[in-house]
Structure formats: structure tokens, C-alpha cells
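# Make a model of this:
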Amino acid sequence: MLFRSGTPRCDTPHSSDIRALERGNTMALTPDDVVTKQFQHVRFKEGFDPDEVDDFLDEIVVEWRKTIAENEELKTKLAAYESGEASPSAGSAPVEAPKVEEPVVAETPAAAPVASAPTNDVEPAAQSAGIIELAQRLHDEHVAEGKAQRDQLIGEAQAQAASIVAEAEQKGREERARLEKERTTLEGRITELRNFERDYRSQLRSYIEGQLRDLDTTATSSGSTPVSAIGL
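Numbers count the residues shown, from 1 in each chain. Modelled structure (predicted):
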């Protein structure tokens, strides 16, 4: 086979022809069929269905082999025709002069098939080459389209992943900023509480010391008065 779009296969001679005939494909293939042929897209895979592409290429090979067989048959008929024309011309050599013109007249229409035979031989070959060229071009276009779709999907996935990562990083930065702000606020409250505690302790100590001094003063005053009374 010329090429395959899927996994390579080892086919026996003419096995593709047998498969094509078993599918019931008896219609002649034309270049328009190659151009308008559409393959079914396969999701989650690259390119097209390999079996469908292989089957269509098998059809092309079948028609191509038919064309080659027809060319060989035309060549055989042309060789037989030329050999049949050579014997009458050889037998007409000893004939009288007036009859010599008859083979010349007979050769004139015979020249048309001889000249047209190469044309008939070239046209099927050119048609076959055109079919193969169109099929190859169609195959290349499908492969290029599959690669373009693959690259597009990869690009979209990468862009989406980058967007998700950027969004996660932004949320992480915002969360860290919020926690840092809360920590600063808590540290400020702790400092305020420590200052309040220090001031409270200082004021409490001063108050207690003042009360103790007042008690000492009161006790001293109370103790001196009785002593003076007894002395009197």
C-alpha cells in the first residue's frame, strides 16, 4: 500500500481488493470522490479514524489496479492489432501496381488508432496519478488540521493552568497580608495590656504605700496622747 494513517498492517497480495469487494463497493471511484470524501472526527484522539482512512485508501488502490489492468489490456490489443496489420501489407507486395494504393488507403484510417493508443494509455495513467496526488494532499491536510487542533487544545490548557496558578498565588498573597495585619493588631493589643498592667501595679503600690503611711501616722498620734495624760 502507498501509505497508512493508522497502525501498519501486513496484508497479503490483493487482500485490500477482497476487503473492498466484500464491503460491496462496486461503484467506480472518481477524483471528485477523493476531493469530497469526508472522514469522521474521533474525539480525544489526534486526527481521524485510522480504519476509515485505510478503507478509503484501499478503494483508491482497487481503482488504480483496475486502471493498470485496463492499460495492459489495451497494450495487448494494440500489439495484436499491429501484428495483424503487418501481415496483409507484406502479402500485398507482389500485387499489381494499381492495387498498391489500397493498402495505403487502408493504412490511413489505421493510423488513427495507432496514434490514439498512446493517448488512451496516457490518460488513465494521468488520471491515476491525479487521484493519488489528491489523496495524498487530502491526507496531508487532515494531518495538518489535526496537529493545529492539538496545538490549540494544548495552548488553551496551558493558558487555563497559568490562570489558575496566578489566581491561587494572588489569593495566597492576600491571605498572608490579612494574617500579617491581624498579627500586628494583636501585638498592639498585647503591648497596650502590658502597659496597662504596669501602670495599674504602680498605682496600686503607691496607693498601698500611702495607706500604710497613713496607718503609721495614725498609730503614732494615738500612742503619744495616752502617755501625756498619764504624765499629768
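# burial count for Phe56?
For Phe56, the tally of surrounding residues (other C-beta atoms under 10 Å) stands at 21. For glycine as for every other residue, the C-beta is placed from the backbone atoms N, C-alpha and C.
# Name the helix or strand for it, please.
helix 50-91 (DSSP states H and E).
# Need the single longest helix in this protein, by residues.
As far as residue count goes, and with DSSP state H defining each element, the longest helix of the chain is helix 97-231.
# Helix 50-91 and that one, what's the angle between them?
170 degrees (axes from the mean of the first three to the mean of the last three C-alpha atoms, to 10 degrees).
# Helix 97-231 - contacts with which helices or strands?
With contacts taken as 3 or more C-beta pairs under 8 Å, 6 or more residues apart in numbering; DSSP states H and E, helix 97-231 sits against helix 31-36, helix 50-91.
# show me the residues around Ala125 that make contact.
For Ala125, the contacting residues are Thr67, Asn71, by C-beta atoms under 8 Å, 6 or more residues apart in numbering.
# What score does it have for pLDDT?
According to the model's per-residue confidence, Ala125 sits at a pLDDT of 73.
# for Ile131, same thing?
Here the pLDDT value assigned to Ile131 is 84.
# ok, it touching Trp64?
Yes: counting by C-beta atoms under 8 Å, a contact exists between Ile131 and Trp64, whose distance comes to 6.8 Å.
# re earlier: which of the helices and strands packed on helix 97-231 sits closest to Gly210?
Across the helices and strands packed on helix 97-231, the minimum distance to Gly210, taken as C-beta to C-beta, is reached by helix 50-91, at 102.5 Å.
# Give me the three-state assignment for Gln38.
Following DSSP: H, G, I helix; E, B strand; the rest coil, Gln38 is assigned to coil.
# ok, how many other residues are close to it?
Neighbours around Gln38, by other C-beta under 10 Å: 9.
# so how far is Asp49 from it?
Here the distance between Gln38 and Asp49 works out to 11 Å (C-beta to C-beta, to the nearest Å).
# what is in contact with the two at once?
By the contact definition C-beta under 8 Å, 6+ apart, Gln38 and Asp49 are jointly contacted by no residue.
# List the residue ranges of the protein that fall below the pLDDT cut-off.
Along the chain, the parts satisfying pLDDT under 70 run over 1-35, 39, 41-48, 85-122, 223-232.
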